[in-house]
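**Student:** Show me how the following folds:
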Amino acid sequence: MKARIPALASLAAVAALLCVLPFTLSDYNVSLVAQVGIFFVAVLGLNILTGYTGQISIGHGAFMAIGGYTTAVMSRDHNTNLVVTMVMAFAICFVVGLLLGLPALRLSGAYLALATFALAVSVPLLPLQWSKFLGGRDGVQTAKTVSNVWLYGAAWAVSAILFVLAWLILRGRVGRAFRAVRDSEIAAVASGIELPVYKTLAFGISAAYAGVAGSLFVLATNGFAAPDEFGIVLSLKILIGAAAAGLGTLWGVLVGAAFIALLPTVSSSVPVIGSSHGQDVVFGAAVILVMLLLPGGFAGLLTQLRRLKRA
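**Tutor:** Alright, predicted model coming up:
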């Protein structure tokens with residue numbers, strides 16, 4: 001119990017800070033911190049899949065697209081409450097994740113990564129094929145737009161709920177099975193773990209988290225869902241965020257989310273002589289630097305600091 005006190009104190013401090021921030025920041029900065037909350041959910045979901053079961057995915061932008069379009073279409077056509085659409089996005093993406101997780105059982109490593117990459121490329125193109133229903137390139141506009149303060153509250157309330165849910169899942173029998181699958185599939189099967197069940201379940205949970213993140217992501221873009229918003233770059237950002245956070249642990253997710261949400265804004269203000277794409281140059285350089293200095297992510301850094309303290 002004593003070992004958990006610092007962790008609980010840190011969580012309480014972060015929660016208190018997040019409660020105070022909307023009253024101290026400008027409206028623009030409130031929107032930036034809300035985006036951190038949105039990416040927090042997406043990175044958390046990918047960490048469950050990749051960090052805890054070892055299944056590499058570069059396709060989480062596709063699940064975010066499904067969640068985002070669920071919110072946009074249900075709001076436009078049925079005037080559904082926006083919070084309800086998030087629950088719907090969670091459920092729909094959970095089922096889609098389970099279905100896509102079944103063929104993924106035969107794949108691993110680079111082959112699974114390529115399969116999910118194809119998913120990230122193909123799903124955002126579906127609105128172009130079903131343009132009458134999904135708006136084509138013009139996208140879909142929700143019936144209502146929300147303020148940045150509302151988005152902030154929704155993003156971090158959802159983040160807190162899904163963080164607790166992930167913690168409960170991962171500390172129990174399911175979490176132990178996930179880690180066993182990650183460490184050695186052969187040993188996991190020998191221990192009586194149903195490999196297809198847990199690998200598919202991890203895909204479903206991870207996709208559900210991405211769906212909720214996509215729902216919030218659409219609200220952050222003034223309620224507008226369009227194919228260009230969910231391109232392959234979004235999937236890569238989430239993967240970068242998970243790597244920066246540190247795979248296989250929950251304690252670095254906030255840093256990973258902040259890294260990918262805030263770095264584009266910070267890098268755009270850094271002048272790069274001789275380049276018309278200064279933001280991209282700075283962003284890429286920062287990613288490389290973090291990967292070199294923190295190969296285990298922020299969570300790995302915390303582990304090293306604890307070891308030094310004990311020594």
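
**Student:** What distance do you get for the residue nearest to residue 230 when sequence neighbours are not counted to residue 18?
**Tutor:** Nearest residue to residue 230, sequence neighbours excluded (C-beta to C-beta, 6 or more residues apart in numbering): residue 65, at 3.7 Å. Heads up, the C-betas are built off the backbone N, CA and C, glycines and all. Here residue 65 is placed at a distance of 27 Å from residue 18 (C-beta to C-beta, to the nearest Å).

**Student:** could you pull out the helices for the stretch 1-150 of the chain?
**Tutor:** Here the stretch 1-150 of the chain has its helices, by DSSP state H, counting those that start in this stretch, at 5-20, 27-46, 52-53, 60-78, 82-104, 109-122, 126-129, 131-134, 148-171.

**Student:** how about the fourth one as CSV, C-alpha atoms only?
**Tutor:** Below are the C-alpha coordinates for helix 60-78, written out as CSV (Å, rounded to 0.1, in the frame of the first residue of the first chain):
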residue,chain,number,x,y,z
HIS,A,60,-5.9,3.5,-35.0
GLY,A,61,-6.7,6.5,-37.1
ALA,A,62,-9.2,4.2,-38.9
PHE,A,63,-11.1,3.5,-35.7
MET,A,64,-11.0,7.1,-34.8
ALA,A,65,-12.6,7.8,-38.2
ILE,A,66,-15.4,5.3,-37.5
GLY,A,67,-16.0,6.9,-34.1
GLY,A,68,-15.9,10.4,-35.5
TYR,A,69,-18.3,9.7,-38.3
THR,A,70,-20.7,7.9,-35.9
THR,A,71,-20.9,11.1,-33.8
ALA,A,72,-21.3,13.3,-36.9
VAL,A,73,-23.9,11.2,-38.7
MET,A,74,-26.0,10.5,-35.6
SER,A,75,-26.0,14.1,-34.6
ARG,A,76,-26.8,15.3,-38.1
ASP,A,77,-29.5,12.8,-39.0
HIS,A,78,-31.1,12.0,-35.6
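
**Student:** So for that helix, mean pLDDT?
**Tutor:** Averaging pLDDT along helix 60-78 gives 94.

**Student:** what's it packed up against?
**Tutor:** Judged by 3 or more C-beta pairs under 8 Å, 6 or more residues apart in numbering; DSSP states H and E, the packing partners of helix 60-78 are helix 27-46, helix 82-104, helix 109-122, helix 131-134, strand 140-141, helix 195-220, strand 224-225, helix 232-245.

**Student:** buried ones in that helix?
**Tutor:** Buried residues in helix 60-78, counted by 16 or more other C-beta atoms under 10 Å: 60-76.

**Student:** before we move on, what about the second one?
**Tutor:** When neighbours are counted by 16+ other C-beta under 10 Å, the buried residues of helix 27-46 are found to be 30-46.

**Student:** Tell me what angle that helix forms with helix 195-220.
**Tutor:** 170 degrees (axes from the mean of the first three to the mean of the last three C-alpha atoms, to 10 degrees).

**Student:** go on, the fifth one?
**Tutor:** When the same axes, to 10 degrees is applied, the directions of helix 82-104 and helix 195-220 differ by 140 degrees.

**Student:** I figured residue 167 hits residue 250, correct?
**Tutor:** Yes: Residue 167 lies in contact with residue 250 (C-beta atoms under 8 Å); the separation is 6.4 Å.

**Student:** With neighbour numbers in mind, choose between those two.
**Tutor:** Neighbours were counted for residue 167 and for residue 250 using other C-beta atoms under 10 Å; residue 250 has more, 20 against 13.

**Student:** looking at this, that one is in a strand?
**Tutor:** No: when DSSP: H, G, I helix; E, B strand; the rest coil is applied, residue 250 is found to be coil, with no strand at that position.

**Student:** give the contact list for it.
**Tutor:** 44, 47, 163, 166-167, 170 (C-beta atoms under 8 Å, 6 or more residues apart in numbering).

**Student:** switch the cut-off to 10 Å
**Tutor:** 7, 44, 47-48, 51-52, 163, 166-167, 170-171, 299 (C-beta atoms under 10 Å, 6 or more residues apart in numbering).

**Student:** so what pLDDT did it get?
**Tutor:** For residue 250, the predicted pLDDT is 87.
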